[in-house]
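*Asks:* Predicted model follows, preceded by the sequence.
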Amino acid sequence: MNNCQQLAQEIRAGNRRALSRAITLAESTHRQHRNDADSLFDILSAADIRQSLRIAFTGAPGVGKSTLINALGLLLTHQGMKVAVLAVDPTSAHTGGSILGDKTRMDILSRERLSYIRPSPSRHILGGVAKHTREVIFLCEQAGYDFIFVETTGVGQSETKVGQLTDIFVLLVAPAAGDELQGVKRGIMELADIIAVTKADGALKDIARQTAAEYQGALRLFARRDKDPEKFPLTCTVSVQETATINRLWQSVVTLGHWRQSHGMQKKIRIEQDSAWIHSRLHEEIVKAIEMQTDINQKSQQIARIITTTGTAFSPEVRGQLRTAIDSSLSSIQIKSKEALSS
Ligand SMILES: Nc1nc2c(ncn2[C@@H]2O[C@H](COP(=O)(O)OP(=O)(O)O)[C@@H](O)[C@H]2O)c(=O)[nH]1
Ligand SMILES: [Mg+2]
């Protein structure tokens, strides 16, 4: 048995160290690691593919994502379910603060035998959110996790991307009534399956209820989606101090998950998502190959110098140079691919 086969076997047996090693391979930029990761994916996908329910938790920093995930994770692991948490948080890449915060907030969950917590390395987040998140999700699924929680903050369109990788999208908002819905972007609200107003306890309880009612009102203005049963997308309030609210939120997630599964929606959504993901992978690889095969950077610097002289991109010189650069790049790619084919 070679190393990749061994690793695949350990992952399937639920070995967390093996899973971490595999994720590191998948996230690596080294050629050899990528090749190993490819072999690993081949081995894992040749067997029976396991799938988990994937849930995104998104919302502004400090809204209570990690705390809620910790509470939900404990609830589920105590029922014997396996929960994996992937933190895709661009803000932590800048400050380092959130990752430390998450460590303590998910500390209790991380000690559970049935949990697995993985923050994304910051360099991957900065270079395009969660470039490998789809692969990491696949690996966690093959390790037998029943639920995969993806935590992300609304920075640099990370939520949109995470929304394309998950089955259920939970948007968390803080209690703050009358605040023009806190500037939550329309596009994010359109993605939401559940909007949960957090910290609904103590002095904030009433405000949280009011906030939830406002969001409920706003949701009514959106067009109905095929992927929703009656009452969805829904709004609720939640507090980690009140277990009943956590249970209720989870019941909504489960209800929606079951409905989508039994109506063929989950399968449909996943096929669309995977097709889009493959498209963007292909796009990325081709652009990378083109950049490597042409002197695109040098050419744009040349043109930038002309713009500095002319003061605008709309000069005949610039447009002429641009056409020449495009033509010569395209023919250079053609020549190089012919060479590659005949060699
Ligand atoms: N009162 C109250 N505070 C909460 C609740 N959930 C989270 N918090 C607090 O909100 C702060 C930010 O929480 P955190 O989970 O790190 O937010 P994240 O940045 O969205 O992951 C922490 O100080 C938490 O203790 C809640 O249900 N009630
Ligand atoms: Mg957090």
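*Replies:* Sure, I can see it. Ligands and ions are numbered 1, 2, ... in the order given.
*Asks:* By proximity to ligand 2, which residue of this protein wins?
*Replies:* Residue of the chain nearest ligand 2, by Cβ to the ion: S66 (3.4 Å). Quick note: C-beta positions are derived from backbone N, CA and C, even for glycine.
*Asks:* pretty sure that residue contacts L109?
*Replies:* No - using Cβ atoms under 8 Å, S66 and L109 do not qualify as a contacting pair, with a distance of 9.3 Å.
*Asks:* Tell me if the helix or strand harbouring the residue of the chain closest to ligand 2 is near ligand 1.
*Replies:* Per DSSP states H and E, S66 falls inside helix 65-77. Yes - on the criterion Cβ under 6 Å from any ligand atom, helix 65-77 is in touch with ligand 1 at K65, S66, T67.
*Asks:* can you pull out the strands in the stretch 51-200 of the chain?
*Replies:* With strands called from DSSP state E, counting those that start in this stretch, the stretch 51-200 of the chain shows them at 53-58, 83-88, 115-119, 147-152, 168-173, 194-197.
*Asks:* okay if I get these as TSV plus distance to T324 and mean pLDDT?
*Replies:* Shown next, in TSV, are those (distance: least, Cβ to Cβ, whole Å; pLDDT from 0 to 100):
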stretch	distance to T324	mean pLDDT
strand 53-58	45	96
strand 83-88	41	91
strand 115-119	46	91
strand 147-152	43	94
strand 168-173	46	96
strand 194-197	52	98
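*Asks:* check contacts around A200.
*Replies:* If you count contacts by Cβ atoms under 8 Å, 6 or more residues apart in numbering, A200 has them with P175, A208, R209, T237, V238, S239, E242, T245.
*Asks:* hmm, try it at 10 Å
*Replies:* Applying Cβ atoms under 10 Å, 6 or more residues apart in numbering to A200 gives the contacts 175, 206-209, 211-212, 236-242, 245.
*Asks:* which regions of the stretch 51-200 of the chain lie under the pLDDT threshold?
*Replies:* 89-104, 121-130, 154-156, 177-180, 182 (pLDDT under 70).
*Asks:* could you redo the last one with a cut-off of 50?
*Replies:* The stretch 51-200 of the chain contains residues with pLDDT under 50 at 92-98, 126-129.
*Asks:* Show me which residues of the protein sit near ligand 1.
*Replies:* Counting by Cβ under 6 Å from any ligand atom, the positions of the chain adjacent to ligand 1 are 59, 61-67, 98, 101, 105, 198-199, 201, 239-241.
*Asks:* Can you tell me who the closest residue to V184 other than its chain neighbours pairs with across the strands?
*Replies:* Nearest non-adjacent residue to V184, counting by Cβ to Cβ, 6 or more residues apart in numbering: V173, 6.3 Å away. Beta bridges link V173 to V197 when assigned by DSSP bridges.
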